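Undergrad: with the input below, show me the fold.
(one chain, ligands or ions: 1)
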Amino acid sequence: MAALAGARATAFPAGEYVGQESFMRAGEIRTLAHQARVGPGVSVLDLCCGVAGPGRMITAESGCHYLGVDYSASALATAQELAGDLPCRFEQARLPPLPAGRFEVVLLLETMLAFPDKDALVAEVARGLEPGGRFAFTVEEGRPLTRQERARMPAADTVWPIGLAEMTGVLRKAGLTVSWRQEYSSSHHAIATALLHCYRAGSPRIAGQIGAQAAAELIRAHQLWSDWLGSGRVRKFALVAQKQ
Ligand SMILES: C[S@@+](CC[C@H](N)C(=O)[O-])C[C@H]1O[C@@H](n2cnc3c(N)ncnc32)[C@H](O)[C@@H]1O
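TA: Model (predicted):
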């Protein structure tokens, strides 16, 4: 196994690593999919799927009709290869807009943070949902980063937390009503901290895989996530919002 994936696999409790590039445990991904009523034949669009660890697990376990979208060609090539015989489809695109068509469930796992304009994204999600469709996602809750925090966080142009009241307002404006919400701050603090330790321990091999600068930034970012989730500077929530 490559150094990075090996470190991730070590950081998660037994049975909780399924190739996710995030702080979500497999059990939390299953709970979110269950709350969104993902099941046999349900059409699922997975935004920012990456290598689709969660998407592959959900497809294998539920028999849903899965389409994963990401802008990274290399992530999608890995996703396709790892999907093997699973009936997963993948499309390369920069979101928004969403791919054409209507879906019963839209997933966005661990990437709401990357979108500075959440109104534009959520309006597109609402457009792409069937009536009664569900938007299932995680969100990093908190005030915008200060100038000093932005200076410390690698790739700060992809780090846009949002207050929970504001997020609920964005959903409501798009015609989506929150039907389920769960806080995962302490669980994700534990995973961020475990990842930090594993990345530190494996740093020479990880640097060999992704380069010394990228490895150092990975460790710096996880130190900040561990601090922020531990102190309450940022809280993590999973939500399901339904289109009327
Ligand atoms: C943190 S990873 C999460 C991957 C996956 N959802 C998971 O939970 O394992 C974020 C992914 O979002 C993709 N991404 C970020 N912004 C995007 C955008 N505007 N359009 C498409 N993909 C995007 C990145 O390429 C990356 O693969």
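Undergrad: residue 143 - how many residues pack around it?
TA: By the measure other Cβ atoms under 10 Å, the count of residues near residue 143 is 11. (Each C-beta comes from the backbone N, C-alpha and C, glycine too.)
Undergrad: that one reaches residue 161, doesn't it?
TA: Yes: the criterion here is Cβ atoms under 8 Å, and residue 143 meets it with residue 161 at 7.0 Å.
Undergrad: return the residues of the chain in contact with the ligand.
TA: By the rule Cβ under 6 Å from any ligand atom, the part of the chain lying against the ligand is 20-22, 48-50, 53-54, 70-72, 75, 94-95, 109-111, 114.
Undergrad: from residue 231, how far off is residue 191?
TA: 16 Å (Cβ to Cβ, to the nearest Å).
Undergrad: what does residue 114 give?
TA: In this view, residue 114 and residue 231 are 22 Å apart by Cβ to Cβ.
Undergrad: what do you get for residue 198?
TA: Using Cβ to Cβ, one gets 21 Å for the distance from residue 198 to residue 231.
Undergrad: settle it for me: which of these two has more neighbours?
TA: residue 198 (20 against 9).
Undergrad: my guess is that one contacts residue 4, does it?
TA: No: contact criterion Cβ under 8 Å: residue 198 and residue 4 do not qualify, at 9.8 Å.
Undergrad: now residue 54, nearest residue through space, not along the chain?
TA: Spatial nearest neighbour of residue 54, chain neighbours left out: residue 29 (4.7 Å); criterion: Cβ to Cβ, 6 or more residues apart in numbering.
Undergrad: helices of this protein, start to end?
TA: With helices called from DSSP state H, the chain shows them at 3-11, 26-35, 53-62, 73-83, 118-128, 147-152, 164-173, 185-201, 203-210, 212-231.
Undergrad: so which of the ones you listed is the most surrounded?
TA: A comparison of these by mean neighbour count, using mean count of other Cβ atoms under 10 Å, puts helix 53-62 on top with a mean of 22.
Undergrad: check the offset of that one from the chain's centre.
TA: The chain centre lies 14 Å from the centre of helix 53-62; the measure is Cα atoms, centre = their mean, to the nearest Å.
Undergrad: with stretch 228-238 instead?
TA: In this view, stretch 228-238 has its centroid 15 Å away from the chain centroid, taken as Cα atoms, centre = their mean.
Undergrad: what's the span of it from first residue to last?
TA: Stretch 228-238 has its terminal residues 17 Å apart, counting by Cα to Cα, to the nearest Å.
Undergrad: residues in contact with it?
TA: For stretch 228-238, contacts defined as Cβ atoms under 8 Å, 6 or more residues apart in numbering pick out 23-24, 28, 31-32, 136-142, 161, 164, 181-189, 192-193, 225, 227.
Undergrad: low pLDDT regions in this structure?
TA: Within the chain, the segments meeting pLDDT under 70 span 1.
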